[in-house]
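Enquirer: structure here, sequence nowhere to be found:
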């Protein structure tokens, strides 16, 4: 059945094609779901996506009653607000890796729905006018074939009836992966790596923007992009991600 598939990427796509013959199976536990659109079953959502209190600035878990954690009070991040749906842990880490590296683009919709629900649960905030996904370098985009942040941003825009602009942010250099670097190096690795599309500068000015990504780790990428957006004239910047690496 798999004859003629010459590459590991081809094997992955063939395996997903076989799995997608049963699209009404939960992507986590493989139990039956309510329909093809429900890629994560209600039991798994209840078990693995609890609503927990988080710092409004860094989105790390915090005790009840604490709006902003001590670290953010001492050293506030450049963005105005951060919202995530869950911790980067089982099963979300596997689902996000499948979306990012293994062509599981069918997971973009249910993951974006989790983020939309998290946004609805949080306290009201300044209104966001448009979404901008974290960009990929051109070489990585060609290799992968898609930008997972852009897929999530498109789905989230549909959920929230917002506008998304996947071409407004540019990655101008292909820097080393952040996960391979110590914390101090992460803070300087991305300097000068991003820019705003020149044709979008006028439209971006005085707009309230949300930066969309799949995973927020140290916040170094979000911080650099926030600085770029403010330098281009954005009125405010929030950071929205599906998952947050626990502190």
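Expert: All right, it came through fine. No experiment lies behind these values; they were computed from the predicted model shown.
Enquirer: and the end-to-end length of stretch 97-109?
Expert: With Cα to Cα, to the nearest Å as the measure, stretch 97-109 spans 15 Å from end to end.
Enquirer: mind listing what's buried along it?
Expert: Using 16 or more other Cβ atoms under 10 Å as the test for burial, stretch 97-109 gives 98, 99, 100, 102, 103, 104, 106, 107, 108, 109. The way it works is simple: take the backbone N, C-alpha and C, and place the C-beta from them, glycine included.
Enquirer: what do you get for stretch 118-134?
Expert: 118, 119, 128, 130, 131, 132, 133, 134.
Enquirer: circling back to that earlier point, pull the most distant pair out of the buried residues of stretch 97-109.
Expert: 102 and 109 (16.4 Å; Cβ to Cβ).
Enquirer: pLDDT at the residue nearest to residue 163 when sequence neighbours are not counted, what is it?
Expert: In this structure, residue 163 finds its nearest non-sequential neighbour in residue 130, 4.5 Å apart by Cβ to Cβ, 6 or more residues apart in numbering. If you check residue 130, the pLDDT there is 96.
Enquirer: relative to residue 63, how far out is residue 130?
Expert: Using Cβ to Cβ, to the nearest Å, we find residue 130 at a distance of 34 Å from residue 63.
Enquirer: can you name the next helix or strand after the helix or strand hosting residue 109?
Expert: Assessed by DSSP states H and E, residue 109 sits inside helix 108-121. Sequence order places strand 130-133 as the next helix or strand after helix 108-121, per DSSP H and E.
Enquirer: helices and strands around that next one, which ones?
Expert: helix 148-160, strand 163-164, strand 208-216 (3 or more Cβ pairs under 8 Å, 6 or more residues apart in numbering; DSSP states H and E).
Enquirer: looking at the ones you listed, which is nearest to residue 194?
Expert: Nearest of the helices and strands packed on strand 130-133 to residue 194, taken as Cβ to Cβ: strand 208-216 at 10.6 Å.
Enquirer: parallel or antiparallel, list what pairs with the closest one.
Expert: strand 130-133 (parallel), strand 236-244 (parallel) (DSSP bridges).
Enquirer: next, the angle from it to helix 148-160.
Expert: 130 degrees (axes from the mean of the first three to the mean of the last three Cα atoms, to 10 degrees).
Enquirer: averaged pLDDT, whichever helix or strand comes after strand 208-216. What do you get?
Expert: From strand 208-216 onward toward the C-terminus, using DSSP H and E, the following helix or strand is helix 220-231. For helix 220-231, mean pLDDT rounds to 96.
Enquirer: alright, I will stop here.
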